[in-house]
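Engineer: Output the structure for:
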Amino acid sequence: MSMLENEKDPGWQYLKQSREQMLADQSKPYDSKKNVWLPDAEEGYIAAEIKSTKGDLATVVTVKGDSTVKKDLLQEMNPPKFEKTEDMSNLSFLNDASVLHNLRARYASMLIYWARCY
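Structural biologist: Residues are numbered from 1 along each chain as shown. Next comes the predicted model:
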């Protein structure tokens with residue numbers, strides 16, 4: 001079965017995102033030196049942007065405001081090209097925050113996460 005034939009299957013929408021959605025997700029701004037995940041008591045991790053660093057502390061901006069935290073708490077964020085990726089083993093940064101984000105993003109888009117076992 002070819003890829004185009006697969007896309008005609010009614011269940012396809014739950015396995016793979018459309019090309020349009022993929023392009024929209026992958027065109028988000030990203031800076032590997034600034035975009036990170038910050039632990040959060042309510043959400044697990046939230047996206048943050050490093051504004052400045054001094055020693056072992058970093059000042060970050062999140063949707064919840066500015067805060068100064070230890071750099072050790074921050075986890076690296078993957079480039080947008082990995083947004084809602086089907087195979088998380090391909091992630092540049094395979095950390096707790098990135099895995100949780102990917103699963104959440106796929107779930108919110110009704111994209112089933114499944115893995116092939118060989």
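
Engineer: going forward, measure contacts between C-alpha atoms and count neighbours the same way
Structural biologist: Will do.

Engineer: How far off centre is stretch 70-89?
Structural biologist: Going by Cα atoms, centre = their mean, to the nearest Å, the spacing between the C-alpha centre of stretch 70-89 and its chain's C-alpha centre is 5 Å.

Engineer: what do you get for stretch 63-83?
Structural biologist: The answer for stretch 63-83 is 11 Å, by Cα atoms, centre = their mean.

Engineer: quick one: contacts of that stretch?
Structural biologist: Where contact means Cα atoms under 8 Å, 6 or more residues apart in numbering, the residues beyond stretch 63-83 that reach it are 22, 25-30, 32, 35-39, 47-48, 56-61, 91-93, 95, 97-98, 102, 105.

Engineer: Keeping just the C-alphas, turn that stretch into PDB.
Structural biologist: C-alpha atoms of stretch 63-83 as PDB (Å, rounded to 0.1, in the frame of the first residue of the first chain):
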ATOM      1  CA  VAL A  63       3.500  32.300  30.400                       C
ATOM      2  CA  LYS A  64       3.400  32.600  34.200                       C
ATOM      3  CA  GLY A  65       6.000  35.500  34.300                       C
ATOM      4  CA  ASP A  66       9.700  35.900  35.000                       C
ATOM      5  CA  SER A  67      11.600  33.800  37.500                       C
ATOM      6  CA  THR A  68      15.200  33.100  38.400                       C
ATOM      7  CA  VAL A  69      16.100  29.400  38.800                       C
ATOM      8  CA  LYS A  70      19.100  27.100  38.900                       C
ATOM      9  CA  LYS A  71      20.300  26.100  35.400                       C
ATOM     10  CA  ASP A  72      20.300  22.500  36.500                       C
ATOM     11  CA  LEU A  73      16.500  22.500  36.700                       C
ATOM     12  CA  LEU A  74      16.100  23.500  33.000                       C
ATOM     13  CA  GLN A  75      15.800  20.800  30.300                       C
ATOM     14  CA  GLU A  76      16.600  21.400  26.600                       C
ATOM     15  CA  MET A  77      13.800  21.900  24.200                       C
ATOM     16  CA  ASN A  78      13.700  20.200  20.800                       C
ATOM     17  CA  PRO A  79      13.500  22.200  17.500                       C
ATOM     18  CA  PRO A  80      10.000  22.600  16.000                       C
ATOM     19  CA  LYS A  81      10.800  20.000  13.300                       C
ATOM     20  CA  PHE A  82      10.100  17.400  16.000                       C
ATOM     21  CA  GLU A  83       6.700  18.800  17.000                       C
END
